[in-house]
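Visitor: below are the sequence and a predicted model for it; my questions follow.
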2 protein chains.
Amino acid sequence: MAVRTSCTVGDDHFKCFEALTEDQNVLLEKKQVTVEYNKGEIIAKYGSFASHVIFLYEGLVKVYLEHGNEILILKIISPGNLIGLSSLSEGEETFQYSAAAYQRSIAKLIDITTFKQLIRENGLFASKVISIMGENSNQINNRFFCLTRRQSYGRLANLLLCLAERVFKSDKFEFDLTRKELAELAGMSTENVIRILKKFQEDKLIILKGKNIELQDLEALQRICDLG
Amino acid sequence: MAVRTSCTVGDDHFKCFEALTEDQNVLLEKKQVTVEYNKGEIIAKYGSFASHVIFLYEGLVKVYLEHGNEILILKIISPGNLIGLSSLSEGEETFQYSAAAYQRSIAKLIDITTFKQLIRENGLFASKVISIMGENSNQINNRFFCLTRRQSYGRLANLLLCLAERVFKSDKFEFDLTRKELAELAGMSTENVIRILKKFQEDKLIILKGKNIELQDLEALQRICDLG
DNA sequence: TAAAAACATTGATCTATATCAATGTTATGG
DNA sequence: CCATAACATTGATATAGATCAATGTTTTTA
């Protein structure tokens, strides 16, 4: 199982729009607005009216469930991806999860009625959307497995590998995520993240310098992620 | 959040076929086979070639991920539901999860190429399929939340409520599930299931007689499920 | 229907990880 | 640039729930 896909999905969802005709693309352009969000701002709120599907153009976003103080991060969204497809269901008028910007982000909000109309009108487009939803489903299942069946070392190793491979696309990256945010992503306490990162550094699996991290021993991390 | 939806989804997915024309329905009939499975038999195997989408006609099925000895049940499937929609993705030729029969079950295996073709040809059908996938996504997210953010009492209360409401459709039912299967569903050890069921009985929340269970105090169970 | 196997129950122990508490470090706004 | 808040780190403690072990009960099968 491609465990590394567990924190996020591919970033080529925009390709579904290639299935649209020129006219349909023009229509879509007319029926969308571009909005800029600052760090921390809410892009979609669980339970609020889902009048649009969100296309992330720039930035980094977390998609999560919340219940009182408790939150569960479902995935990270990189530019090129869609948010809110699960609200395309009939009789489902609201967002089924929340989304917030990790950093300054730009999103295009696409009118959901138009989006639904295009699905009905254009079978190829519909296929592509179904494809994306299938991918999303596999991502969440993998994440679900990782967070429930792996211990903390495995979960954190998985997160680091996933961030490197899918989000930052380099084994060396600066993450503007706090320890608390890492903890939320890996489903553990902040203190535990700190202790495990320290252990990984002692074991020469990573090099940490403040917010900069370099993955040194990918194989070992992968092993921990598979077994731990 | 409708926590009670966390172990399974609605059972009206067959309604998507109502969107098909008569000709398309005839085609679909021709491109499917009906297969009977005994208790415990594998209906879909993770990683195997997904040549078909599965429609459960009769019985009860678990959909799960497996990794060596570890398994994670994603959902229970009741008659009327589809299995394997996430394999409709482009470039995804294999099943992304396994499915096995809890009891004698009858399934219709629908040729996936035909299914995909119908999606492209019939926008309304495509919409319905998207609708179902959105519903599936919400179910799995709720289950994910429950299993990661609730303690064992809450998870088991949730499972009992879900089984009663969604699967057996009665507050009093006989479950042909073993304690081990209950444990897998609630994501805990068999011993823990037994101890908690005993406690629930002592507290007059349920009445247990072997494999028969009656939910006595739904409100209390719901409270435990929301908070515990 | 007897023997074996699978399943259920109970109690004792162990452990991963949360939580609590104290202190050091970095970032931020006036 | 100082004060205050947010964040990071470290160690000590608590606990939910797993695991282990022993025994009783039900189901299967030969």
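Guide: Cool, the structure landed. Residues are numbered from 1 along each chain as shown, chains lettered A, B, ... in the order given.
Visitor: biggest helix in chain A by residues?
Guide: helix A:123-149 (DSSP state H).
Visitor: buried set for it?
Guide: Residues of helix A:123-149 classed as buried under the neighbour-count rule (16 or more other C-beta atoms under 10 Å in any protein chain shown) are A:123, A:125-149. The way it works is simple: take the backbone N, C-alpha and C, and place the C-beta from them, glycine included.
Visitor: show me where chain A has strands.
Guide: Listed in chain order, the strands of chain A (DSSP state E) span A:32-37, A:42-44, A:52-58, A:61-67, A:70-77, A:82-83, A:98-101, A:105-111, A:172-174, A:206-209, A:212-215.
Visitor: pLDDT weak spots in chain A?
Guide: A:1-5 (pLDDT under 70).
Visitor: okay, now the domains of it?
Guide: Structural domains assigned to chain A are A:3-146, A:150-227, following automatic domain parsing.
Visitor: nearest to DNA strand D, of those?
Guide: For DNA strand D, the closest of the domains of chain A is domain A:150-227, at 3.4 Å, according to C-beta to the nearest atom of the strand.
Visitor: and the most centrally placed residue in chain A, how far is that from B:Glu29?
Guide: In chain A, the centroid-proximal residue (C-alpha atoms, centre = their mean) is A:Ile76; its distance is 2.1 Å. A:Ile76 is 43 Å from B:Glu29, where distance means C-beta to C-beta, to the nearest Å.
Visitor: want to try JSON lines for the strands of chain A, with distance to DNA strand D as columns?
Guide: Shown next, in JSON lines, are those (distance: least, C-beta to the nearest atom of the strand, whole Å):
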{"stretch": "strand A:32-37", "distance to DNA strand D": "17"}
{"stretch": "strand A:42-44", "distance to DNA strand D": "16"}
{"stretch": "strand A:52-58", "distance to DNA strand D": "22"}
{"stretch": "strand A:61-67", "distance to DNA strand D": "14"}
{"stretch": "strand A:70-77", "distance to DNA strand D": "14"}
{"stretch": "strand A:82-83", "distance to DNA strand D": "23"}
{"stretch": "strand A:98-101", "distance to DNA strand D": "13"}
{"stretch": "strand A:105-111", "distance to DNA strand D": "18"}
{"stretch": "strand A:172-174", "distance to DNA strand D": "12"}
{"stretch": "strand A:206-209", "distance to DNA strand D": "7"}
{"stretch": "strand A:212-215", "distance to DNA strand D": "11"}
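Visitor: reformat those as CSV; add distance to B:Ala183.
Guide: Shown next, in CSV, are the strands of chain A (distance: least, C-beta to C-beta, whole Å):
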stretch, distance to B:Ala183
strand A:32-37, 43
strand A:42-44, 36
strand A:52-58, 39
strand A:61-67, 24
strand A:70-77, 22
strand A:82-83, 35
strand A:98-101, 32
strand A:105-111, 42
strand A:172-174, 40
strand A:206-209, 36
strand A:212-215, 36
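Visitor: looking at these, which is nearest to B:Ala100?
Guide: Set against B:Ala100 and scored by C-beta to C-beta, those come closest in strand A:70-77, at 26.4 Å.
Visitor: any bit of the closest one sitting next to chain B?
Guide: Yes: under the criterion of C-beta under 8 Å from any C-beta of the partner chain, chain B is reached by strand A:70-77 at A:70, A:72, A:74.
Visitor: neighbour-wise, which of those residues leads?
Guide: A:Leu74 (25 neighbours; other C-beta atoms under 10 Å in any protein chain shown).
Visitor: before we move on, the earlier item: of the residues of strand A:70-77 next to chain B, closest to A:Asp11?
Guide: Out of these, the member with the shortest distance to A:Asp11 (by C-beta to C-beta) is A:Leu74, at 16.5 Å.
Visitor: stretch A:82-96 near chain B at all?
Guide: Yes: using C-beta under 8 Å from any C-beta, stretch A:82-96 reaches chain B at A:85-90, A:92, A:96.
Visitor: one more: stretch A:18-38?
Guide: No: using C-beta under 8 Å from any C-beta, stretch A:18-38 never reaches chain B; the gap is at least 10.0 Å.
Visitor: what is the end-to-end distance of that stretch?
Guide: Stretch A:18-38 has an end-to-end distance of 29 Å (criterion: C-alpha to C-alpha, to the nearest Å).
Visitor: the residues of stretch A:82-96 next to chain B, buried ones only, as a PyMOL selection?
Guide: Restricted to buried positions by 16+ other C-beta under 10 Å, the PyMOL selection for these reads:
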select buried, chain A and resi 85+86+87+88+89+96
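Visitor: can you narrow the residues of stretch A:82-96 next to chain B to ones near DNA strand C?
Guide: Of the residues in the residues of stretch A:82-96 next to chain B, proximity to DNA strand C by C-beta under 7 Å from any atom of the strand holds for none.
Visitor: DNA strand C: which of the residues of stretch A:82-96 next to chain B is nearest?
Guide: Nearest member of the residues of stretch A:82-96 next to chain B to DNA strand C, counting by C-beta to the nearest atom of the strand, is A:Gln96, at 25.3 Å.
Visitor: near DNA strand C, which residues of chain A? Just list them.
Guide: Contact residues (C-beta under 7 Å from any atom of the strand) of chain A with DNA strand C: A:151-153, A:187-189, A:191-192, A:210-211.
Visitor: ok so, going back, touching chain B at all, the longest helix of chain A?
Guide: Yes: residues of helix A:123-149 contacting chain B under C-beta under 8 Å from any C-beta: A:123-124, A:126-138, A:140-145, A:147-149.
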